[in-house]
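**Student:** make a model of this:
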Amino acid sequence: MRPSLSGIYGTSSVVSNLADQNRTPFHSTRSIRFIVADGDIRVCARLREIIRSESDTWCVQTTRFGREAVCAIRAAHVDVAILNVDLPDLSGLEVMRAIGREYIRTDFIILTETDCFKTVVRAMRGGARDILVKPVVQNDLISAIEELLEFRFPPHRELVGRFDDYLKSHLSNPSLSRTHLCMHFNISASHVSRLFRDCVGTSFPNRLRFHRIERAKQMLLNTREPLFVIAEQCGFKRPGRLSEAFRRQEGITPREYRKDGMYL
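**Tutor:** Residues are numbered from 1 along each chain as shown. Predicted structure coming up:
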């Protein structure tokens with residue numbers, strides 16, 4: 001069952017092989033990889049069966065040991081790790097800390113024997129997405145996984161909104177590129193381009209330029225910063241680049257825009 005505070009936010013022969021990796025996930029076409037780590041092989045087998053019952057193409061790996069879980073997560077780009085807080089070597093919390101130090105984008109569900117407040121707090125602080133009390137109820141596990149995957153893989157328009165937020169937060173970087181988005185969101189370049197085209201109706205370069213010009217417009221009207229400072233803070237390497245892009249989008253120069261704004 002779930003505790004009262006749930007929902008807050010090389011490999012040896014012991015580790016079972018990954019299942020078929022061509023997966024259609026619960027609401028879209030995407031491969032989802034799981035690892036289950038529990039000292040009891042019967043628990044591992046049962047949780048694997050529950051997960052696979054949702055989709056015979058979900059990939060589930062199991063192990064009894066924390067160190068093997070760390071190795072598997074590093075090697076296989078695991079999406080979801082389900083870890084017992086108590087393992088024969090490393091604890092589930094130690095596994096989370098090890099992976100967290102390496103900035104690997106894996107989400108964690110922690111299993112515990114009792115609904116202990118201290119354990120729940122430690123797991124939450126360590127980055128667990130959910131905590132389940134053993135014996136695990138099938139509906140609770142599937143619900144936790146679905147909630148986690150909804151957060152991890154949001155609907156397309158919501159994801160593009162996150163793209164926009166990221167771009168606006170990093171506009172001052174003149175080298176900001178589609179590659180930065182791909183690395184930050186763990187998504188392919190072609191998928192990024194397709195999402196911008198389908199959801200916004202434009203390309204990534206055009207969307208980035210739009211945000212840069214919008215920031216420049218705000219600064220032109222609300223500050224007295226010279227053009228070279230505005231260009232720098234909006235990610236343009238020199239004022240001429242800003243003026244060229246500004247005229248292309250707005251039909252006038254930045255100086256003309258600032259002058260017109262004085263009389264609004």
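**Student:** confidence-wise, which helix or strand of the chain is lowest on average?
**Tutor:** Within the chain, judged by mean pLDDT, DSSP states H and E, the helix or strand with the poorest mean is helix 117-126; its value is a mean of 84.
**Student:** distance of T223 from K217?
**Tutor:** 11 Å (C-beta to C-beta, to the nearest Å). C-beta here means a position set from N, CA and C on the backbone, and glycine is covered the same way.
**Student:** neighbour count: these two, which is higher?
**Tutor:** K217 (19 against 12; other C-beta atoms under 10 Å).
**Student:** could you report the pLDDT at that one?
**Tutor:** K217 carries a pLDDT value of 95.
**Student:** quick revisit: given the helix or strand following the least confident helix or strand of the chain, what are its sheet partners and their directions?
**Tutor:** Where DSSP states H and E defines the elements, the next helix or strand beyond helix 117-126 is strand 128-133. Strand 128-133 sits in its sheet next to strand 107-112 (parallel), going by DSSP bridges.
**Student:** and the helix or strand hosting M183, what does it pack onto?
**Tutor:** Following DSSP H and E, one finds M183 within helix 178-185. If you count contacts as 3 or more C-beta pairs under 8 Å, 6 or more residues apart in numbering; DSSP states H and E, helix 178-185 packs onto helix 156-169, helix 189-199.
**Student:** minimum distance to Q61: which of those helices has it?
**Tutor:** helix 189-199 (24.8 Å; C-beta to C-beta).
**Student:** report all helices and strands that the closest one contacts.
**Tutor:** Helices and strands touching helix 189-199, as assessed by 3+ C-beta pairs under 8 Å, 6+ apart, comprise helix 156-169, helix 178-185, helix 204-222.
**Student:** what helices or strands is the longest one leaning on?
**Tutor:** Put plainly, it is helix 204-222. helix 156-169, helix 189-199, helix 227-233, helix 239-250, helix 254-261.
**Student:** buried sites along the helix holding M183?
**Tutor:** By neighbour count on 16 or more other C-beta atoms under 10 Å, the buried set for helix 178-185 is 178, 181.
**Student:** over to stretch 115-122?
**Tutor:** 119-120, 122.
**Student:** send the alpha carbons of that stretch over as CSV?
**Tutor:** Extracted in CSV, the C-alpha atoms of stretch 115-122 (Å, rounded to 0.1, in the frame of the first residue of the first chain):
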residue,chain,number,x,y,z
ASP,A,115,5.1,3.4,6.9
CYS,A,116,7.9,5.1,8.8
PHE,A,117,7.8,8.9,8.8
LYS,A,118,11.6,9.2,8.9
THR,A,119,12.0,6.8,5.9
VAL,A,120,9.4,8.7,3.9
VAL,A,121,11.1,12.0,4.6
ARG,A,122,14.5,10.7,3.7
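**Student:** good, wrapping up.
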